[in-house]
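Peer 1: My questions are about this predicted structure, shown below with the sequence.
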Amino acid sequence: MPSKPPNADLCCPPEPAAPEVSLLMLEGAEADEALAKLAKAIGHPARVRILRMLSRKEARVCSQIVDELPLAQSTVSEHLRILREAGLVRSSQDGARVGYCINFDGLRRLKALVAII
């Protein structure tokens, strides 16, 4: 019987394909607000580090992230909340465990918004 990776059950379900980003979606007041929110979300070194951890396509629970950072569990939870609200991280709950995964569509949007400054 093949064994599952340790965090396989934590992975968030696949996302539906995001629509293509057009230039119209990258300019204007709404795009400026989106970029400001994304920039604020990545404006802390701990959140950048969390994104780097999750970008390795490894789902993690909060306690696993806490083990890799010199931060309290409540602080890591707050950073994850900010990243999730900005659309850079997704979560999936399995009972009491919440798995966190990178939201690659959110990262692509951030990249596109920054690229046209």
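Peer 2: Nice, I can see it. Residues are numbered from 1 along each chain as shown.
Peer 1: pLDDT score for V48?
Peer 2: On pLDDT, V48 comes in at 95.
Peer 1: again, but for the one 4 residues further on
Peer 2: Predicted confidence (pLDDT) at R52: the value is 92.
Peer 1: Which residue, neighbours along the chain excluded, lies closest to the most centrally placed residue in the chain?
Peer 2: For the chain, the residue nearest the mean C-alpha position is V89 (2.0 Å; C-alpha atoms, centre = their mean). In space, and not counting its chain neighbours, V89 is closest to L83: 4.0 Å by C-beta to C-beta, 6 or more residues apart in numbering. For the C-beta atoms, the positions are set from N, CA and C on the backbone; glycine is no exception.
Peer 1: Okay, and the one you found sits in which element?
Peer 2: Using DSSP states H and E, L83 sits in helix 73-85.
Peer 1: which secondary structure elements does that helix contact?
Peer 2: helix 29-41, helix 45-55, helix 62-68, strand 89-94 (3 or more C-beta pairs under 8 Å, 6 or more residues apart in numbering; DSSP states H and E).
Peer 1: Tally up the residues packed near the residue nearest to V89, please.
Peer 2: By the criterion of other C-beta atoms under 10 Å, L83 has 26 neighbours.
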